[in-house]
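Engineer: sequence unknown, structure follows:
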């Protein structure tokens, strides 16, 4: 079974630009969640989708948004990038949601200059 | 509010030593789930174990064992006879329901020296 796939692996953007990250979950997994990992703040929950519905959102500004498609693939978008958005963005999929074991992708390393 | 504390930021041990990673959590919920994840240098978090709040049985899986104690709100992880491949950052996590936020601890970086 293929694991969780995130694209791209690395991204360099400048302040003010926007970015879209993609995540393909494990086949059969209906829940996709996103996390931001930074040295200072650790792992922080961004949002979780289940069957195309956002069920929860972390404490991030509205510049961070996401969506899930009917095939469970998910995208997250960050608009008007700031230097502080530089981070490793991790996607995880699971069968039922966050209280199921999460299967993580390798992440997208975003650098904002 | 929910919180997960991993007081040990970094631990170094010599290969074959036993090591225990501490996890203390805070929650007012009676039903919740606890997890341990491993993040090797490659960056991908790997699921190790899940425990629900009603199951206080300790668990052993090979060289790994977990001690869950509700009385002290702790869910500690022990690696027996550590190996270099155990070098990674280990995260303890807490979540209430399937759609609630996952609260991760700050992580413990374990270095196993050959």
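Structural biologist: Right, received. Where do you want to start? Bear in mind the structure is a predicted one, so any value in this text is a computation, not a measurement.
Engineer: so is the residue in chain A that chain B sits nearest to in a helix, a strand, or just coil?
Structural biologist: Relative to chain B, the nearest point of chain A is residue A:97 (2.8 Å; CB to the nearest CB). (C-beta placed from N, C-alpha, C; glycine too.) Secondary structure, DSSP: H, G, I helix; E, B strand; the rest coil: residue A:97 is coil.
Engineer: Can you tell me the closest non-neighbouring residue to it?
Structural biologist: residue B:98 (2.8 Å; CB to CB, 6 or more residues apart in numbering or on different chains).
Engineer: pretty sure that neighbour contacts residue A:95?
Structural biologist: No: Residue B:98 sits out of contact with residue A:95 when judged by CB atoms under 8 Å, with a separation of 9.4 Å.
Engineer: more neighbours, these two?
Structural biologist: residue B:98 (18 against 13; other CB atoms under 10 Å in any protein chain shown).
Engineer: Isn't residue B:68 up against residue B:52?
Structural biologist: No: with contact defined as CB under 8 Å, residue B:68 does not reach residue B:52; the gap is 9.6 Å.
Engineer: Give me the common contacts of the two.
Structural biologist: Common contacts of residue B:68 and residue B:52, defined by CB atoms under 8 Å, 6 or more residues apart in numbering or on different chains, comprise residue B:34.
Engineer: residues contacting the closest residue to residue A:64 other than its chain neighbours?
Structural biologist: Spatially, and ignoring its direct neighbours in sequence, residue A:64 is nearest to residue A:78 (5.5 Å; CB to CB, 6+ apart). By CB under 8 Å, 6+ apart, the contact list for residue A:78 reads A:18, A:19, A:21, A:63, A:64, A:65, A:85, A:110.
Engineer: What is the end-to-end distance of stretch B:83-100?
Structural biologist: Using CA to CA, to the nearest Å, the end-to-end distance of stretch B:83-100 comes to 35 Å.
Engineer: again but with stretch A:16-32, I slipped
Structural biologist: 27 Å.
Engineer: Could you tell me which residues touch both of residue B:98 and residue A:95?
Structural biologist: Taking CB under 8 Å, 6+ apart as the criterion, residue B:98 and residue A:95 both touch residue A:31.
Engineer: got the residues of chain A near chain B?
Structural biologist: A:31, A:33, A:35, A:42-45, A:48, A:50, A:55-56, A:58, A:88, A:90, A:92, A:96-107 (CB under 8 Å from any CB of the partner chain).
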